[in-house]
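S.K.: When you get a sec, could you give me coordinates for this:
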Amino acid sequence: MRVLVIEDEKKIASFIQRGLKEEHYAVDLAYDGEQGMYLAEINPYNLIVLDIMLPGKDGVFICRELRKKNINTPILMLTARDAIEDKVSGLDSGADDYMTKPFSFEEFLARVRSLLRRGAEQKSNILKVADLELNQLTHKVKRALREITLSAKEYSFLEFMMLHANEVVTRTMISEQVWNEDFDSFTNVIDVYVKHLRDKVDKKTDVPLIHTVRGAGYMLSETPP
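M.R.: Numbers count the residues shown, from 1 in each chain. All right, here's what the predicted structure looks like:
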């Protein structure tokens, strides 16, 4: 799951990022409205955590603009304001939930999970490629009815490849979507995880699904590229 946090208070942004990463989310940060809106428009996120009071474009403006552009990513709005009219304004702009700072991180995580479930329920939560099946709600993975145990990062990697089945995914795409924007795509970490996934997904079958596309990246497909 990939989360965008748009928050100009760097200590709060870092605190949220660190906590979400500990829960195995990939997190991108934006410290102003311009950068936040740009990232929200060009990247597919599962959730946006959006502060109202931002330099440049404020959170209410960003939320309205994203909804106008049919970007329906769940939005959790954060603000130091607690007046009823501010909450109404945030929700009316298209936000899905609202939290007033300071807040309990446990409650924050509960709301994040709730919004992610809500977003998943709006689409099919079962991904299938050949006899490989991944349940986005339960995080269970099976191949030919054989259950596969994955680490959190292996699961995120496989989920991303299944969402882009029969497409070439580049190392840059993988690093941004599965890790975060600051990840060094030139390390061998991606290669290590590809090997792990092949060992777990393809090793006990005659039909490999994970293919290397030389000079381009990787592909999850029933037929070789």
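
S.K.: Please pull out the lowest mean pLDDT helix or strand from this protein.
M.R.: Using mean pLDDT, DSSP states H and E, helix 84-92 stands out as the lowest-scoring helix or strand of the chain, at a mean of 75.

S.K.: ok, and for that one, which residues are buried?
M.R.: Buried residues in helix 84-92, counted by 16 or more other CB atoms under 10 Å: 86, 87, 89, 90. Every C-beta, even on glycine, is put in place using the N, C-alpha and C of the backbone.

S.K.: can you check stretch 14-28 too?
M.R.: Result for stretch 14-28 [16+ other CB under 10 Å]: buried residues 16, 17, 19, 20, 25, 26, 27, 28.

S.K.: what's the answer for stretch 216-225, then?
M.R.: So for stretch 216-225, counting by 16+ other CB under 10 Å, buried means 217, 218, 219, 220, 221.

S.K.: my guess is the fourth one contacts residue 163, does it?
M.R.: This means residue 220. No. In this structure, residue 220 is not within contact of residue 163 by CB atoms under 8 Å, at 9.3 Å.

S.K.: Farthest pair within the buried residues of stretch 14-28?
M.R.: Spatial extent of the buried residues of stretch 14-28 (CB to CB) is set by the pair 19 and 28 at 14.8 Å.

S.K.: picking that back up, so what secondary structure elements neighbour the least confident helix or strand of the chain?
M.R.: Here helix 84-92 touches helix 59-68, strand 75-79, strand 97-100, going by 3 or more CB pairs under 8 Å, 6 or more residues apart in numbering; DSSP states H and E.

S.K.: rerun at 7 Å
M.R.: Helices and strands touching helix 84-92, by 3 or more CB pairs under 7 Å, 6 or more residues apart in numbering; DSSP states H and E, are strand 97-100.

S.K.: Distance-wise, check the nearest residue in space to residue 132 that is not next to it in sequence relative to residue 159.
M.R.: Leaving out its chain neighbours, the residue that sits closest to residue 132 by CB to CB, 6 or more residues apart in numbering is residue 143, at 4.8 Å. Counting by CB to CB, to the nearest Å, the gap from residue 143 to residue 159 is 14 Å.

S.K.: shaky segments in the protein?
M.R.: When residues are selected by pLDDT under 70, those of the chain lie in 81-83, 119-124, 180-186.

S.K.: Which stretches in it count as helices?
M.R.: Along the chain, counting by DSSP state H, helices occupy 10-22, 33-42, 59-68, 84-92, 105-121, 152-163, 171-174, 189-197.

S.K.: could these be laid out in a markdown table, adding distance to residue 127?
M.R.: Below are the helices of the chain laid out as a markdown table (distance: least, CB to CB, whole Å):
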| stretch | distance to residue 127 |
| --- | --- |
| helix 10-22 | 23 |
| helix 33-42 | 23 |
| helix 59-68 | 25 |
| helix 84-92 | 31 |
| helix 105-121 | 11 |
| helix 152-163 | 4 |
| helix 171-174 | 17 |
| helix 189-197 | 14 |
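
S.K.: Great, nothing more from me.
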